[in-house]
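Student: Just a sequence and a predicted model for now, questions to come.
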Amino acid sequence: MKKDIYTFSLSVLISLINVFLSVYFFSNNGCVKNRGVAFGIDIIYEEIISFLILSFLIFIGTRVKGIIRYLTFGVVILGFSNFVVRVFLKYICDYINVFNMSLNIADIFIVIYALLIILICIFDKDGKCNRG
C-alpha cells in the first residue's frame, strides 16, 4: 500500500516541478514550443481533446485496483500538469532534448507509468489488471 501512495506522491511532485520549470524557468528561452500534441502533431482543439483524454483516464482509474489505479491516476496528474502549462502558455514547453526529440519530465514519467501498466498487465498473475 505504501508503494501506491509513493507513486501518487511522486506524480504530484513531478507535476509541480514540470509546471514550475515550464512556466517560470524555460518559457522565455531554452524550450521547444510544442503547440501540437505528441511529437508536435498539430491538431485543432488540443485543450478540449486533452481534457477528454484526462476524463477518460479518470474513469478508467476508478475501475481498476491496486498499483494500476495509482499509476493511472499518476498519468492523469502528469497529463494535467501539461494541460496547465498549455492553458498558461498556449503551448507545451519541452525543455529536454534527446535523440532529436523534445520532451519534458512529465512526458518521461507518463511513458514510464504507461509502460509499467502494460508490463504489469502482461505479467499479471494475481488479477491486478482485473476491473474493480
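Tutor: Perfect, thanks for sending it.
Student: Could you report the neighbour count for F56?
Tutor: Number of residues near F56 (other Cβ atoms under 10 Å) recorded here: 11. (Each C-beta comes from the backbone N, C-alpha and C, glycine too.)
Student: Can you list the buried residues in the host helix or strand of it?
Tutor: F56 belongs to helix 46-63 when elements are defined using DSSP states H and E. For helix 46-63, the buried set under the neighbour-count rule, 16 or more other Cβ atoms under 10 Å, comprises E46, S50, L54, L57, I60, G61.
Student: What is the nearest of those to V87?
Tutor: S50 (9.5 Å; Cβ to Cβ).
Student: I'd say that closest one and V85 touch.
Tutor: No: S50 is not in contact with V85 according to Cβ atoms under 8 Å; the separation is 10.7 Å.
Student: that older thread, run the chain-centre distance for the helix holding F56.
Tutor: Mean-position distance between helix 46-63 and its chain equals 11 Å (Cα atoms, centre = their mean, to the nearest Å).
Student: same check, this time on stretch 103-112
Tutor: Counting by Cα atoms, centre = their mean, stretch 103-112 comes out at 6 Å from the chain centroid.
Student: Quick one: mean pLDDT over the biggest helix by length in the chain.
Tutor: Longest helix in the chain, counting residues (DSSP state H): helix 66-89. Mean pLDDT, helix 66-89: 90.
Student: Within its sheet, name the partner strands of whichever helix or strand comes after it and how each one runs.
Tutor: Next helix or strand after helix 66-89 toward the C-terminus (DSSP H and E): strand 92-94. Strand 92-94 has the following strand partners under DSSP bridges: strand 32-34 (antiparallel).
Student: ok, and for the helix or strand hosting L116, which residues are buried?
Tutor: For L116, the host element (DSSP H and E) is helix 105-122. For helix 105-122, a neighbour-count test (16+ other Cβ under 10 Å) marks I105, A106, D107, F109, I110, Y113, L116, I117, I120 as buried.
Student: Low-confidence regions, this protein specifically.
Tutor: 1-3, 37-42, 127-132 (pLDDT under 70).
Student: show me the contacts for the residue nearest to V84 when sequence neighbours are not counted.
Tutor: Excluding its sequence neighbours, the residue lying closest to V84 (Cβ to Cβ, 6 or more residues apart in numbering) is V19, at 5.6 Å. Residues in contact with V19 (Cβ atoms under 8 Å, 6 or more residues apart in numbering) are S81, V84, V85.
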